[in-house]
Structure formats: structure tokens, C-alpha cells
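J.: model the following, please.
(one chain, ligands or ions: 2)
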Amino acid sequence: MEEVCEEEEDGPEGFIEPGYVLPKMRYAQLVIGPAGSGKSTYCSAVVQHAAESNKVIEVVNLDPAAEYFDYEPLADVRELIHLDDAMEDEDLRFGPNGGLVFCMEYLMENSEWLKDKLGDDDDDYILFDCPGQIELYTHMTTIKQLVELLQNWNFHICAVFLVDVQFMVDGAKFLSGTMAALSVMVNLELPHVNILSKMDLLSKSARKQLENYLDPDPHYLMGEIESGSRWNEKYRKLTESIGRLVDDYSLVRFFPLNLKDPENLSDLLLTIANIIQYGEDADVKTKDFEEPDEDNPDITADCNS
Ligand SMILES: Nc1nc2c(ncn2[C@@H]2O[C@H](COP(=O)(O)OP(=O)(O)OP(=O)(O)O)[C@@H](O)[C@H]2O)c(=O)[nH]1
Ligand SMILES: [Mg+2]
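T.: Ligands and ions are numbered 1, 2, ... in the order given. Model (predicted):
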């Protein structure tokens, strides 16, 4: 429901013109990352976690090639277009990668479909479970167009970039993952949280090793990168400069996430809520949440407060 301001508020700071329609605000996480990094599993875990505190967070599947996820989607792009449609079409004859790009462009050309599915309720909190094709985020423009659309529909968005922690446990891989995260951040120009997913799979020693990278000292990273190969010798200074640049400007930070640790997930969701201002202006959506006040059955008591 749109809120129309009927009266002028007191004082110059609170002045709102009569008749001014307050914009609707909605909240979103754009869940992105390489193939198999844990995006869909993360979405399910967040929905589940929210439900445990009687909060409603919805998920939209934007992966036209998705085969399995265990959340109930608010909308599913496969109803509009499936990867097979692009690959099996006699005229198109795309392979899997070109087909996926085609599907995302098709979605943008038919954005009314998405708009209808999202409805226009205030204060919705929606996760967009995106495909795992990294080039969609590092340099292509389709996802950027999607972001602009969502912003026009009054979504406050945070990009949540997942990287499988198993690919980040040596110096060279960590630097390469960091550069991938940086190019996504630069391309999407959104508030951004980088997540090291699947922390539960790390051994104790690997976890200890990782701690050295989380607040990285570029010299430490360089020490970790083997100096034996000619490539590493030749570009050592360059690699060192990149490491120092990332460190000096605090360009990229990672949040280690263990989905089996509810407190860890709560911390992450709180960080994201602060970024998108969820809970500040929003009426947090709840489910089965109002109980009648025993003394006065006409008044319902808010169990959360
Ligand atoms: N142990 C563990 N396994 C995980 C975790 N997250 C995901 N997985 C597993 O990793 C695999 C890929 O997970 P998905 O959630 O499908 O990853 P995705 O990023 O959505 O994959 P695509 O959509 O294909 O790009 C599945 O076998 C998951 O069970 C995690 O936190 N811990
Ligand atoms: Mg997925």
C-alpha cells in the first residue's frame, strides 16, 4: 500500500509536502558467484534461518539451468525460459554458455514478467539466486541491467558474492579469488559482501592457514606463492603490488561462512541488514506471528518486541 502524507510534519527537518507519496522500499540480496560455490544452498539456509525467527524472506530463482534447489521460489525464471529452450531451438542452437547468456538477455527483454511476479508490496525481502557463470558478473552488462531495474522498483540491494573456500587456501588462489571479487565489485557498483562458503569442509589446519589471509599481509601472501616458476619470478613485483594495493585500500574483504553455525549466519545477515537498511525503515515481514492479547482480544500482541 502506498503511504500518502496527509499532514505536514513539524519542524523544517521533518517537512514533507502534503500529498507526497512516500516511495515503497524493498530489500534484496543478489546472490552471485562461480558455478557450485553454494548460492542455492545459501538461499535455502537463509530462508530457513529467517523462518526460525518467524521472519519471511523469499527467493527468486534466476538460473535458467537450475536442476535442483530446496526452497519454494516466489518466482522461477524457468517458467519464462529454460536453458534447454535456447539449446534445442533449431534457429538458435546455442551451447550451454551462450544459451545461458541468451536466457538472461531474454529475461531482460521480458522484464514485465519479473515485475508481475515480484508484485509491489512494501518491505519485501527477496534473495535472487543467480546463475553460476562468472562472466555475467565480471564484465557483462545483463546483470547490471537487472540491478538497475530492481533499483527502479525500489529495491535496496546488496551483492553477495560466494567463493568456495576450498579454492582459496593457498596464496596464489587467494589472490586470484580476490581479483575476481574485485572485478565483480567494480562491474556491478553495488554494496557488496564477499563470502567464503563451505567453511564446514575445511580441516583445522586449513582453517588456521586461512586466518593468515583474512587480514592479508601482501608479503605473507607473496611468501606463499611459489617462486620456482619463471612466470612467478618475472611477475613477482606485479603480484606483490596487486597484493599491497588490495591491502592498502581495504578493497576486498571476505566473510567466512559456516552454514552449520547459526550464530555465524546471524552475524552475516545483520551485516547485510545494516548495508541495505533492512529493519531501520522496514516493517519486518512475519508469519504466524500475531497472538491475541488475552486481556483484550481486539488487540494483538507482537511476540518479537
Ligand atoms: N559441506 C557443504 N556443502 C555445501 C555448502 N554449500 C553448498 N554445498 C554443496 O555444494 C554443491 C553446490 O551447491 P549449490 O548450492 O547447488 O551451488 P550453486 O552455487 O547454487 O551452484 P550453481 O547454481 O550450479 O552455480 C552441492 O552439492 C551442495 O550440497 C556448504 O556450506 N557446506
Ligand atoms: Mg544454484
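J.: what ranges in the protein fall below the confidence cut-off?
T.: Within the chain, the stretches with pLDDT under 70 are 1-16, 21-23, 215-229, 232, 280-283, 287-305.
J.: what segments of it are helices?
T.: With DSSP state H, the ranges of helices along the chain come out as 39-52, 83-88, 96-109, 111-118, 135-138, 142-152, 171-188, 204-214, 218-224, 230-234, 236-248, 262-276.
J.: chain center to the longest one: distance?
T.: Translated: helix 171-188. 16 Å (Cα atoms, centre = their mean, to the nearest Å).
J.: same check, this time on the shortest one
T.: If you compare the mean C-alpha spot of helix 135-138 with that of the full chain, they lie 14 Å apart, counting by Cα atoms, centre = their mean.
J.: swap in the third one?
T.: In terms of Cα atoms, centre = their mean, the gap separating the centre of helix 96-109 from the centre of its chain is 20 Å.
J.: show me the contacts for the nearest residue to Val60 once chain neighbours are set aside.
T.: Spatial nearest neighbour of Val60, chain neighbours left out: Ala75 (4.7 Å); criterion: Cβ to Cβ, 6 or more residues apart in numbering. Where C-beta positions appear, they are placed from N, C-alpha and C, glycine not excepted. Residues in contact with Ala75 (Cβ atoms under 8 Å, 6 or more residues apart in numbering) are Val60, Asn61, Leu114, Lys117, Leu118.
J.: can you check Gly95 too?
T.: Met87.
J.: state the distance from it to ligand 1.
T.: Going from Gly95 to ligand 1 by Cβ to the nearest ligand atom, to the nearest Å gives 16 Å.
J.: same thing with Lys285?
T.: Counting by Cβ to the nearest ligand atom - Lys285 and ligand 1 are separated by 24 Å.
J.: that residue: neighbour count?
T.: 18 (other Cβ atoms under 10 Å).
J.: tell me the phi and psi of it?
T.: phi -70, psi 130 (degrees, to the nearest 10).
J.: what about Leu146, how many residues nearby?
T.: 22.
J.: and Ser250, backbone torsions?
T.: According to degrees, to the nearest 10, Ser250 has phi 50, psi 50.
J.: what residues are up against it?
T.: Ser250 neighbours (Cβ under 8 Å, 6+ apart): none.
J.: need the phi and psi values for the closest residue to Lys285 other than its chain neighbours.
T.: Once flanking residues are discounted, Lys285 sits nearest to Val56: 4.2 Å by Cβ to Cβ, 6+ apart. Per-residue torsions, Val56: phi -110, psi 120 (degrees, to the nearest 10).
J.: how about the top strand by length along the chain and ligand 2, touching?
T.: If you go by DSSP state E, the chain has its longest strand at strand 155-164. No: against ligand 2, strand 155-164 shows no contacts by Cβ under 5 Å from the ion, the least distance being 10.0 Å.
J.: quick one, that strand and helix 39-52 angle?
T.: Relative orientation of strand 155-164 and helix 39-52, computed by axes from the mean of the first three to the mean of the last three Cα atoms, to 10 degrees: 120 degrees.
J.: who does strand 155-164 pair up with?
T.: Using DSSP bridges, strand 155-164 pairs in its sheet with strand 26-32 (parallel), strand 192-197 (parallel).
J.: can you give me phi and psi for the residue of the stretch 1-150 of the chain found nearest ligand 1?
T.: The minimum distance from the stretch 1-150 of the chain to ligand 1, using Cβ to the nearest ligand atom, falls at Gly132 (2.3 Å). Gly132 has phi and psi values of phi -100, psi 30 when expressed as degrees, to the nearest 10.
J.: so what's the residue count around it?
T.: 20.
J.: quick one: residues contacting it.
T.: Gly33, Pro34, Ala35, Gly36, Ser37, Lys39, Asp63.
J.: please verify my assumption that the first one contacts Ala159.
T.: No: under the contact definition of Cβ atoms under 8 Å, Gly33 does not touch Ala159, with a separation of 9.8 Å.
J.: from the chain, which residue is nearest to ligand 2?
T.: As assessed by Cβ to the ion, ligand 2 sits closest to Ser40 within the chain, at 3.3 Å.
J.: just checking, that residue touches Phe69?
T.: Yes: Ser40 lies in contact with Phe69 (Cβ under 8 Å); the separation is 4.1 Å.
J.: who has more neighbours out of these two?
T.: Between Ser40 and Phe69, counted using other Cβ under 10 Å, Ser40 has the larger neighbour count: 23 against 17.
J.: what does the stretch 51-200 of the chain have sitting close to ligand 1?
T.: Applying Cβ under 6 Å from any ligand atom, we find that the stretch 51-200 of the chain lies next to ligand 1 at Asp63, Gly132, Ser197, Lys198, Asp200.
J.: apply 5 Å and report the result again.
T.: With Cβ under 5 Å from any ligand atom as the criterion, the stretch 51-200 of the chain meets ligand 1 at residues Gly132, Lys198, Asp200.
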